[in-house]
Every structure is written in structure tokens, then in C-alpha cells.
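Novice: heads up, no residue letters with this:
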């Protein structure tokens with residue numbers, strides 16, 4: 001590999017590194033921080049949420065937004081549970 005090719009490869013790696021999310025990551029579906037890295041390389045970064053099963057490249061880096069999202073999701077789950085109880089006549 002020539003010095004020029006080495007330099008180009010280094011620039012490419014630096015660019016990819018700068019695209020990585022910084023700090024704590026949260027699921028865009030449920031607001032959980034239980035995410036793990038799933039894929040990378042040419043496909044880009046993809047994550048999976050351990051709580052809701054979300055898979056994708058989009059994550060939230062803002063804890064305040066994630067907390068609001070998590071509260072909304074929990075409220076939604078409570079409402080679904082109430083609806084099921086009502087439908088079953090319990």
C-alpha cells in the first residue's frame with residue numbers, strides 16, 4: 001500500500017469515527033438506554049433495543065427527550081392494559 005493510499009484510508013476512518021454518536025444512547029421507540037451495537041462497516045451503525053426489540057440506525061442522544069418518550073410509552077402500555085381488562089370484562 002502506498003503512502004497516499006494509507007492517507008486516504010486514514011481519512012476514511014476518521015470520517016467514520018466522527019459519525020459515531022457520542023455519549024449515552026437511547027431507543028427512539030421506548031426511550032430505553034438498553035441498546036447494543038448490531039451492525040456496522042458498510043451498512044453504517046445499527047442498534048437493537050433489549051427492551052422493545054427496535055432495530056435501526058436512529059438513536060436518541062438527549063436524555064431529556066428519551067425520558068419524555070419513555071413516560072409516554074409507559075402511559076401507552078398502561079392504557080393498553082386497561083383496554084384489555086375492559087374487553088375481558090374484568
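Specialist: Yep, that arrived. Given the structure is predicted, the values throughout are model-derived calculations rather than measurements.

Novice: Leaving out chain neighbours, which residue sits closest to the residue most central in space within the chain?
Specialist: Central residue of the chain (CA atoms, centre = their mean): residue 59, 3.4 Å from the mean position. Leaving aside its sequence neighbours, residue 59 sits nearest to residue 25 (CB to CB, 6 or more residues apart in numbering; 4.4 Å). No exception for glycine: its C-beta is placed from N, CA and C like everyone else's.

Novice: so who does the one you found touch?
Specialist: 33, 35, 47, 59, 60, 61 (CB atoms under 8 Å, 6 or more residues apart in numbering).

Novice: The first one against residue 49, yeah?
Specialist: No: assessed by CB atoms under 8 Å, residue 33 is found out of contact with residue 49, at 9.3 Å.

Novice: In terms of neighbours, single out the busier of the two.
Specialist: Neighbour tally, residue 33 and residue 49, criterion other CB atoms under 10 Å: the higher count belongs to residue 49, 22 against 16.

Novice: per-residue pLDDT, the more buried one?
Specialist: pLDDT, the model's per-residue confidence, is 92 for residue 49.

Novice: Over to it: give its phi and psi.
Specialist: Note on residue 49: its backbone torsions stand at phi -90, psi 130 [degrees, to the nearest 10].

Novice: One more: residue 60?
Specialist: Reported as degrees, to the nearest 10, the phi and psi values for residue 60 are phi -100, psi 130.

Novice: For it, list the residues it contacts.
Specialist: With CB under 8 Å, 6+ apart, residue 60 has these contacts: 25, 26, 27, 28, 31, 66, 69.

Novice: which of these are the two that sit furthest away from each other?
Specialist: Farthest-apart pair in the contacts of residue 60 is 25 and 69; separation 12.9 Å (CB to CB).

Novice: you'd agree the residue nearest to the centre of the chain is up against residue 34?
Specialist: No: contact criterion CB under 8 Å: residue 59 and residue 34 do not qualify, at 11.8 Å.
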